[in-house]
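Undergrad: predicted model and sequence below, questions to follow.
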Protein chains: 2
Amino acid sequence: MIEKNSKFLIIGLGLIGGSYALNLKEKGHTVYAIDISKKTLAYALNNKIIDQGSSNLTDFINKVDYIILAVYPHLVLDYLSKIATKAKNNLIITDVTGIKEAIVDKAEKILPDNTEFIASHPMAGKAVGSIFNASLNLFKDANFIITPTTNSSPEAITFLKDLATTLGFAKTTQLMPKMHDRMIAYTSQLTHAIAVSLINVTPSEEIFKYSGDSFKDLTRIAEINEVLWSELFLNNKNNLVEQIDTFIDELTDLRNIINDCQKDKLSQKLINSTILKRKFNDLKKKD
Amino acid sequence: MIEKNSKFLIIGLGLIGGSYALNLKEKGHTVYAIDISKKTLAYALNNKIIDQGSSNLTDFINKVDYIILAVYPHLVLDYLSKIATKAKNNLIITDVTGIKEAIVDKAEKILPDNTEFIASHPMAGKAVGSIFNASLNLFKDANFIITPTTNSSPEAITFLKDLATTLGFAKTTQLMPKMHDRMIAYTSQLTHAIAVSLINVTPSEEIFKYSGDSFKDLTRIAEINEVLWSELFLNNKNNLVEQIDTFIDELTDLRNIINDCQKDKLSQKLINSTILKRKFNDLKKKD
């Protein structure tokens, strides 16, 4: 496990950074935080979510064992450049972003030999972000994905496994960054693109009154942070466009089968989805 | 309210018919049932879900005040023809199917003057049907839609409102059959077509391991009764195909915006979906 009373620096106290802080403090670690918002820092201090906070990046870097970059994807490399020359020996840095390939290669090149960056993806969130929604239970039942490269040390991988346990994740998996981005294009980004498009074509808001659970479930994630998700979509463009195209082909096929009243083919599509969904359910039960 | 100890005949003891029976018995009404399966009838009798059951349609028709046709859409008109000449005066008949236009016009023409058919749609269900999954709470939080025509009597509409209350529905709304079918093509049938197509394009079942809540939510309804849903899709073909086409156009637009890295347009799509989703949430809260 992570050594008792380790010192963490969390850069970016949003929903994810704040929920990391809460869990790390709860387990007895020391948590420093950097955020550009004085209001966020004051709230975090008043509510004992962190030990100390600052808007000045250089205040804590040389004091800590671990740094969590809990910022938007485009800021990760910026912060790594600023950290690069100032860190203690053997510092381990991780992030929380939902795309990996665009970051990982460059990140490793920025850092000196005594500092290691290893990426990870906490698969959790809420429609509404910010420290005010941070919670100890945010990661219960959720999946933590470690995305090591061939340069990652066993120590860093072990640290992330222990971090996932400390934060309360139900499960930890490992994927290479390239595979992670292909996977996430399907399981997460395509689903968000679908939910957004589904609610955007509503014939009238009046129709919401008549909807049932299926519409509610399929649009849950249509309330979305447009800054974050624009970055995630655009930084994984090729994979996402490929997944959208494949999905549109399949839905067009189903549309044509319905339009041509091909009963057997229609039935086969529904049987196939039922088989896959049951496999999904079985796999999730085993977790 | 519906008169005490009224006599109901439920034709078809599946998930919906069985859950109607449970609630009607609980409120002190007499429930007869017709089902082709002896096993289903025996289970329903042993568990006091019904008072009497039979596989022979003519056994109860002339004894009852109300008939619920809880069968697949293609059977509704068949059963109405068989009932037509044998019913008591002032009998009211309703159904439970998810499409209305294909049934309602023909239904009214089949029946004699002393018998009224008024359609309704209980918007509830489970991935797995049958009497064995019937439950008293199935309709809690759900929407009951009455679809009257210009021929429907005020008495029949009042009966359906009271029936919805008796069954425990959270809310009752009214729509003309044509509007119902257009609405349901969007809120329910399009969502099922999307969920089925989404899981059918999975790159590998291995990928399920790495998925989070968004994929789980968007595929919840991908486990689907292929006989029932083939009928629902094909009986509402024109409306559904129109909705699928509109959705595909919108998703294609989003795909092109991502492919061309048009940041402002992408952001606008996500802001728009967030606004609509919040309106949806507000409306559901008020219910």
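TA: Okay, I see it. None of the values given here were measured: they were computed from a predicted structure.

Undergrad: so where's chain A shaky on pLDDT?
TA: Scanning chain A for pLDDT under 70 picks out A:287.

Undergrad: all helices for it, in order.
TA: With helices called from DSSP state H, chain A shows them at A:15-26, A:38-46, A:73-84, A:101-110, A:154-167, A:177-184, A:191-200, A:213-218, A:226-235, A:237-259, A:263-286.

Undergrad: contacts for the second one?
TA: Contact with helix A:38-46 is made by A:13, A:18, A:21, A:33, A:35, A:49-50, A:52-55, A:130-132, as judged by C-beta atoms under 8 Å, 6 or more residues apart in numbering or on different chains. Heads up, the C-betas are built off the backbone N, CA and C, glycines and all.

Undergrad: so how do I select the buried members of the residues you listed in ChimeraX?
TA: ChimeraX command restricting the contacts of helix A:38-46 to the buried ones, with burial defined by 16 or more other C-beta atoms under 10 Å in any protein chain shown:
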select /A:13,18,21,33,35,49,50,53,131
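
Undergrad: show me what from the stretch 1-150 of chain A comes close to chain B.
TA: A:M123, A:A124, A:A127, A:A142, A:N143, A:I145 (C-beta under 8 Å from any C-beta of the partner chain).

Undergrad: does the fifth one really touch B:D213, like I thought?
TA: No. Under the contact definition of C-beta atoms under 8 Å, A:N143 does not touch B:D213, with a separation of 9.4 Å.

Undergrad: what about A:P203, how many neighbours?
TA: Residues within reach of A:P203, counting by other C-beta atoms under 10 Å in any protein chain shown, total 14.

Undergrad: what about it, distance to chain B?
TA: 6 Å (C-beta to the nearest C-beta, to the nearest Å).

Undergrad: now A:N90
TA: A:N90 sits 30 Å away from chain B, going by C-beta to the nearest C-beta.

Undergrad: circling back to that earlier point, so which of the helices of chain A is nearest B:T97?
TA: Nearest to B:T97, of all the helices of chain A, is helix A:213-218, at 16.1 Å by C-beta to C-beta.

Undergrad: now do that closest one: distance to the chain's middle.
TA: 23 Å (C-alpha atoms, centre = their mean, to the nearest Å).

Undergrad: same check on stretch A:67-86?
TA: Relative to its chain's centre, stretch A:67-86 lies at 16 Å (C-alpha atoms, centre = their mean).

Undergrad: phi and psi next, for A:P203.
TA: Main-chain dihedrals, A:P203, degrees, to the nearest 10: phi -60, psi -30.

Undergrad: for it, which residues are in contact?
TA: Contacts of A:P203 (C-beta under 8 Å, 6+ apart): B:R182, B:Y186.

Undergrad: where's it relative to B:K126, distance?
TA: To B:K126, A:P203 is 28 Å away according to C-beta to C-beta, to the nearest Å.

Undergrad: just A:N47 next, same as before
TA: A:N47 is 42 Å from B:K126, where distance means C-beta to C-beta.

Undergrad: and for A:A164?
TA: 34 Å.

Undergrad: looking at the two, which has the bigger crowd around it?
TA: Between A:A164 and B:K126, A:A164 has the larger neighbour count (other C-beta under 10 Å), namely 22 against 15.

Undergrad: look up the closest residue to the more buried one, ignoring the ones flanking it.
TA: A:F144 (3.8 Å; C-beta to C-beta, 6 or more residues apart in numbering or on different chains).

Undergrad: I figured the one you found was touching A:M123, is that so?
TA: Yes. Using C-beta under 8 Å, A:F144 is in contact with A:M123, at 7.1 Å.

Undergrad: buried sites along stretch A:209-228?
TA: A:209-226, A:228.

Undergrad: and these near chain B, which?
TA: Among these, the residues within reach of chain B (C-beta under 8 Å from any C-beta) are A:209-226.

Undergrad: state which one residue of the stretch 1-150 of chain A is found closest to chain B.
TA: A:M123 (4.0 Å; C-beta to the nearest C-beta).

Undergrad: residues touching that residue, list them.
TA: A:M123 neighbours (C-beta under 8 Å, 6+ apart): A:A142, A:N143, A:F144, A:I145, A:S188, B:Y210, B:G212.

Undergrad: what's the answer for A:N62, then?
TA: Contacts of A:N62 were listed using C-beta under 8 Å, 6+ apart, and they are A:K86, A:A87, A:K88.

Undergrad: span of stretch A:138-151 from start to end?
TA: Distance across stretch A:138-151, first residue to last, is 31 Å (C-alpha to C-alpha, to the nearest Å).

Undergrad: same thing with stretch A:85-103?
TA: With C-alpha to C-alpha applied, stretch A:85-103 spans 19 Å between its terminal residues.

Undergrad: for it, the distance to its chain's centre please.
TA: Chain-centre distance of stretch A:85-103: 15 Å, with C-alpha atoms, centre = their mean.

Undergrad: give the buried residues for that stretch.
TA: Across stretch A:85-103, burial judged by 16+ other C-beta under 10 Å covers A:87, A:91-103.

Undergrad: same thing with stretch A:263-281?
TA: Neighbour-count burial for stretch A:263-281 [16+ other C-beta under 10 Å]: A:L266, A:K269, A:L270, A:S273, A:T274, A:L276, A:K277, A:F280, A:N281.

Undergrad: in PDB, list the C-alpha atoms belonging to that stretch.
TA: The C-alpha trace of stretch A:263-281 is given here as PDB (Å, rounded to 0.1, in the frame of the first residue of the first chain):
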ATOM      1  CA  LYS A 263     -39.300  -9.700 -40.300                       C
ATOM      2  CA  ASP A 264     -36.700 -12.500 -40.000                       C
ATOM      3  CA  LYS A 265     -33.700 -10.100 -40.400                       C
ATOM      4  CA  LEU A 266     -35.300  -7.700 -37.900                       C
ATOM      5  CA  SER A 267     -35.900 -10.500 -35.400                       C
ATOM      6  CA  GLN A 268     -32.200 -11.600 -35.800                       C
ATOM      7  CA  LYS A 269     -30.900  -8.100 -35.000                       C
ATOM      8  CA  LEU A 270     -33.000  -8.100 -31.800                       C
ATOM      9  CA  ILE A 271     -31.900 -11.600 -30.800                       C
ATOM     10  CA  ASN A 272     -28.300 -10.700 -31.400                       C
ATOM     11  CA  SER A 273     -28.500  -7.600 -29.200                       C
ATOM     12  CA  THR A 274     -30.200  -9.600 -26.400                       C
ATOM     13  CA  ILE A 275     -27.400 -12.200 -26.500                       C
ATOM     14  CA  LEU A 276     -24.700  -9.500 -26.300                       C
ATOM     15  CA  LYS A 277     -26.500  -7.700 -23.500                       C
ATOM     16  CA  ARG A 278     -26.800 -10.900 -21.500                       C
ATOM     17  CA  LYS A 279     -23.100 -11.500 -21.900                       C
ATOM     18  CA  PHE A 280     -22.500  -7.900 -20.800                       C
ATOM     19  CA  ASN A 281     -24.700  -8.500 -17.700                       C
END
